[in-house]
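> Sequence first, then the predicted structure:
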2 protein chains.
Amino acid sequence: VSTDALAGELARVVGAAHVLQDPDLRAPYETDWTRRFHGTARLVVRPADARQVVEVVRRCAAHAAAIVPQGGNTGLVGGGVPRQGEVVLSLARLDDMGPVEGGQVTVGAGATLGAVQRHAADAGWEFGVDLAARDSATIGGMVATNAGGTQVIRHGTMRAQVLGVEAVLADGGVMRRLGGLVKDNTGYDLAGLLCGSEGTLGIVTRARLRLVPRLPHRVTVLLGAPDVAAAQRLLGAVRAAGVPLDAVEWFRSEGVRLVREHAGLGPPPCGEHPDYVLLEASDRTDPTEQLAEVLSGLPEAAHAAVAVDPPDRRALWAYRERHTEAINAVGVPHKLDVTLPAPVFAGAVTALPSVVSGVDPAAVTVLFGHLGDGNVHVNVLGPAADDERVDEAVLRHVAAAGGSISAEHGIGTAKARWLSLSRSEAEIAAMRAIKAALDPAGMLNPGVLLAP
Amino acid sequence: VSTDALAGELARVVGAAHVLQDPDLRAPYETDWTRRFHGTARLVVRPADARQVVEVVRRCAAHAAAIVPQGGNTGLVGGGVPRQGEVVLSLARLDDMGPVEGGQVTVGAGATLGAVQRHAADAGWEFGVDLAARDSATIGGMVATNAGGTQVIRHGTMRAQVLGVEAVLADGGVMRRLGGLVKDNTGYDLAGLLCGSEGTLGIVTRARLRLVPRLPHRVTVLLGAPDVAAAQRLLGAVRAAGVPLDAVEWFRSEGVRLVREHAGLGPPPCGEHPDYVLLEASDRTDPTEQLAEVLSGLPEAAHAAVAVDPPDRRALWAYRERHTEAINAVGVPHKLDVTLPAPVFAGAVTALPSVVSGVDPAAVTVLFGHLGDGNVHVNVLGPAADDERVDEAVLRHVAAAGGSISAEHGIGTAKARWLSLSRSEAEIAAMRAIKAALDPAGMLNPGVLLAP
């Protein structure tokens, strides 16, 4: 079928204003946020609700027009942008939010994380996942990628917040489980399977989310450390003492330099150091004293800045959260999001810059991440977008150390060819079998996760 | 192939002593713990390790001999006993336990929950799941059924403890993910999919488990309440106050009467009441004062017995934990494990005995369960094992109230024909597609979960 004919059919479903064929209108949907991944969409369609998603999927299926589901387009592995003329199905308009009831809420796939956080806060609750792209990233995309972020050590990843989903399958069937039952052992965990499937098994249209109690006391500490091993020792001591930690972030002097240049910030209030650890703790009673007591016994914690008031806490977080935009301001980075096992973490991380420079001596490596999970974001500036030698070297280094080639960003198209570094032949065969079972025609997000 | 020939082949894999053909030797594997479900096994095979499981699966597959995987045989829905001449594959000998490291441990499928709890405690940790059958139930069975138990409100179900599994698939392939990485977004969550799949997609041979910190202070309170609604109000108030709850159990006078007769216990120390709520809380600092303060403000909490020392706590728990054996001592119960949504819980639960007596006026209904999750165990004494009219009436009542027909026991063979009460056509079709994809010949636990 011609694109015009398909556009006409889809316009009858969603209205002509929500079928975008004009290249200028399509453009924002065709390039990802890092600017590293882009392709051409046959057209962009913006349904208003799950019923329209079903119709769009059916009509695309009838014409064998493959679909790339897209949320806030903040993914970092090319999983949400078109590759070769697919239909981009934007979920942005499905942004409804239901009432908060009993610590749960049902929200549309297009609701942003920030909107859900504010909605929960208005009702006296919090949402358990937070990340810097909160005002763009959508719940549907976060479910599809099993998003992580800064609070995984406290509340788990996105999958742990999802009590159920509504999703449209490749055949237009709808699975819906929004009743919010915490215990419901009635067959396979399809919601959990969709979570992290990167749009390849179904299109999430709504999610039932668990909220967490809002704790009144919160403290943030920024610490300077001489090296990665010292940062790990700090984490170990604070954990062993049972401090109610929400986040344990880590970054380094090279990243702080970029952030300061980009954002015009002064030196960190804990002074300048090779490594930094940012701790955040919250509880019903003020955890500041407990945290201060633990830190006072640690030689690694000599250089600390403590903040309790929100503006002061945000000022400390800025050194960590503005890394991504500061790096993007310098160039288009290769972003390699990996996990390294705790026992080998310090050594394997410290070796990363030389792994990179061994392949590309001119490349600049900026490391930061979620120390509490062993999750490192390896940002490499210099190599061309399609030069994957550095990517391969880093991922092989990580896999050899027993780590994961994707901690929280997913596989997308960026890492599909390296999936076998982290997963066995039997696992990949099982994934392919599941994909073929639920999407036999390969309609949903082809090329993502499982390389052709 | 003849059973003798198959037995000969399997004996070469596992040793003749571990292939059981004699009816007397097979018998313990052929009847479930409730005595309601039984069938005939072609033979019972007891491999020693995952390598032997692979060989057993391959040889059974070569001869189209279907397999029923079996753990501690404490399941309550007939999912672990043979139906019509399958091979029972007992995982009991795979009971190895690795070292506790960084709050994680790898254990064999045959390790009992109790053994894992003691192993964790020896290293200063705890396991997040507890249930009364702890000295028989095995980790493999608990993973396969996504076991719940008493601490779900604190730590989640079994799925939340599983960081990865080793499992043998229907084709003899092995998936293995035991590295313990907390963040690992590399494709579909196969471990989570196996968890709760009731042995129909793969045979779990090992699991990597998350442990939880051992908290030094624990308090147990048994409260008498005039009705279910009052019990729910108690729970709501304690939750809202942020008491660090591990368990909120509920039972009734009819169950207490059976327990007292069976176990020779005196009256509950909180006095005799229509309903009882058992609360347990633990923390790094003693939660007793906080809990007492909350309860002192509640008219529903006038009748309370508090215990802190382990023997005193166990004495309170006995009224709850001995329900199952006390009921079994009277007869063979129909056990219907359901979840009801909180907003309709009290009404729907209170109506249950009349739903039962409407079908079978002579039947005796005993209710107890996990109030914190809305999970009710409906035990019905009286109907014959194969008389399912009461089961159907109860499950339809639950489904009409928006509940789940299985909270934590699973579907097994007992509830397979009613799966559509809780799951939609699209969901069941997706489950069947996944089953067909991973086990095209129907080798693994046929008849369980998805009715033929």
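Received, thanks.

> what sits against the closest residue to A:Glu408 other than its chain neighbours?
The shortest distance from A:Glu408 to any non-neighbouring residue, by C-beta to C-beta, 6 or more residues apart in numbering or on different chains, is to A:Gly148 (3.1 Å). To be clear about C-beta, it is placed using only N, CA and C from the backbone, and glycine gets the same treatment. If you count contacts by C-beta atoms under 8 Å, 6 or more residues apart in numbering or on different chains, A:Gly148 has them with A:129, A:131, A:157-158, A:370, A:373, A:375, A:407-408, B:183, B:185.

> what's the distance between whatever residue of the stretch 101-250 of chain A ends up closest to chain B and A:Ala64?
Distances between the stretch 101-250 of chain A and chain B by C-beta to the nearest C-beta are smallest at A:Gly173, namely 3.5 Å. Distance from A:Gly173 to A:Ala64, counting by C-beta to C-beta, to the nearest Å: 18 Å.

> What is the end-to-end distance of stretch A:356-369?
17 Å (C-alpha to C-alpha, to the nearest Å).

> Surely A:Ile428 touches A:Leu419?
Yes. With contact defined as C-beta atoms under 8 Å, A:Ile428 reaches A:Leu419; the gap is 6.3 Å.

> Identify the contacts common to those two.
A:450, B:187.

> Tell me the confidence at the residue nearest to A:Glu408?
Reported pLDDT at A:Gly148 in the predicted model: 97.

> same check, this time on A:Arg313
pLDDT at A:Arg313 comes out at 97.

> Let's verify it: helix, strand, or coil?
Following DSSP: H, G, I helix; E, B strand; the rest coil, we place A:Arg313 in the helix state.

> Make sure it is actually in contact with A:Leu222.
No. Using C-beta under 8 Å, A:Arg313 is not in contact with A:Leu222, being 9.7 Å away.

> okay, now A:Pro274: neighbour count?
For A:Pro274, the count of nearby residues is 14 (other C-beta atoms under 10 Å in any protein chain shown).

> Phi, psi for the nearest residue to it once chain neighbours are set aside please.
Computed as C-beta to C-beta, 6+ apart, the closest residue to A:Pro274 that is not its neighbour in sequence is A:Ser253, at 5.4 Å. Here is the backbone geometry of A:Ser253 (degrees, to the nearest 10): phi -60, psi -40.

> What's the per-residue pLDDT of the closest residue to A:Pro226 other than its chain neighbours here?
Nearest residue to A:Pro226, sequence neighbours excluded (C-beta to C-beta, 6+ apart): A:Pro274, at 5.9 Å. pLDDT, A:Pro274: 97.

> Let me see the contact set for A:Pro274.
Counting by C-beta under 8 Å, 6+ apart, A:Pro274 has contacts A:225-227, A:252-253.

> ok, longest strand in chain A?
Longest strand of chain A, by residue count under DSSP state E: strand A:202-213.

> That one - which strands sit beside it in the sheet, and in what orientation?
strand A:104-108 (antiparallel), strand A:125-127 (antiparallel), strand A:162-169 (antiparallel) (DSSP bridges).

> What average pLDDT does the longest one get?
Within the predicted structure, the mean pLDDT of strand A:162-169 is 98.

> roughly how far out does it sit from the chain middle?
18 Å (C-alpha atoms, centre = their mean, to the nearest Å).

> Kindly report the same for stretch A:170-184.
23 Å.

> Could you work out the end-to-end span of it for me?
Stretch A:170-184 end-to-end distance (C-alpha to C-alpha) = 25 Å.

> quick one on the thing from earlier: so A:Gly173 and A:Ala64 - more neighbours on which side?
A:Gly173 (19 against 10).

> Do I have it right that that one meets B:Ala429?
Yes. Here A:Gly173 reaches B:Ala429: they are 6.5 Å apart, a contact under C-beta under 8 Å.

> Spell out which residues are contacts of both of those two.
By C-beta under 8 Å, 6+ apart, no residue touches both A:Gly173 and B:Ala429.

> just to revisit the earlier point, for B:Arg208, find the nearest of the strands paired with strand A:202-213.
strand A:162-169 (21.7 Å; C-beta to C-beta).

> show me where the stretch 251-400 of chain A has helices.
A:253-263, A:288-296, A:310-321, A:323-330, A:345-350, A:352-359, A:389-400 (DSSP state H, counting those that start in this stretch).

> mind checking the SS state of the nearest residue to A:Asn146 once chain neighbours are set aside?
Closest residue to A:Asn146 apart from its sequence neighbours, by C-beta to C-beta, 6+ apart: A:Gly196 at 3.5 Å. Of the three states, A:Gly196 takes coil according to three-state DSSP.

> A:Gly196: what's it in contact with?
Taking C-beta under 8 Å, 6+ apart, we find A:Gly196 in contact with A:144-146, A:159, A:410, B:185, B:187-189.

> Just name the closest of those to A:Arg214, please.
A:Arg159 (22.0 Å).

> burial measure for the closest one, as a count.
22.

> The helix or strand harbouring it near chain B at all?
If you go by DSSP states H and E, A:Arg159 is part of helix A:158-161. Yes. Residues of helix A:158-161 are located near chain B by C-beta under 8 Å from any C-beta of the partner chain, namely A:159-160.

> Which other helices and strands does that helix contact?
strand A:202-213 (3 or more C-beta pairs under 8 Å, 6 or more residues apart in numbering or on different chains; DSSP states H and E).

> now the strand it packs on, how far from the centre of its chain.
15 Å.

> next structured bit after that strand?
strand A:217-225.

> buried sites along the next helix or strand after that next one?
Moving toward the C-terminus from strand A:217-225, the next helix or strand (DSSP H and E) is helix A:228-240. Across helix A:228-240, burial judged by 16 or more other C-beta atoms under 10 Å in any protein chain shown covers A:228-235, A:237-239.

> and if you look at stretch A:335-344?
So stretch A:335-344, judged by 16+ other C-beta under 10 Å, has buried residues A:335-342.

> Show me what the mean pLDDT comes to for the longest strand of chain A.
Strand A:202-213 comes out at a mean pLDDT of 97.

> Now do it against helix B:228-240, angle only.
80 degrees (axes from the mean of the first three to the mean of the last three C-alpha atoms, to 10 degrees).

> Beta-bridge partners for the nearest residue to A:Gly103 once chain neighbours are set aside, please?
Closest residue to A:Gly103 apart from its sequence neighbours, by C-beta to C-beta, 6+ apart: A:Leu211 at 4.9 Å. Applying DSSP bridges to A:Leu211 gives these bridge partners: A:Phe127.
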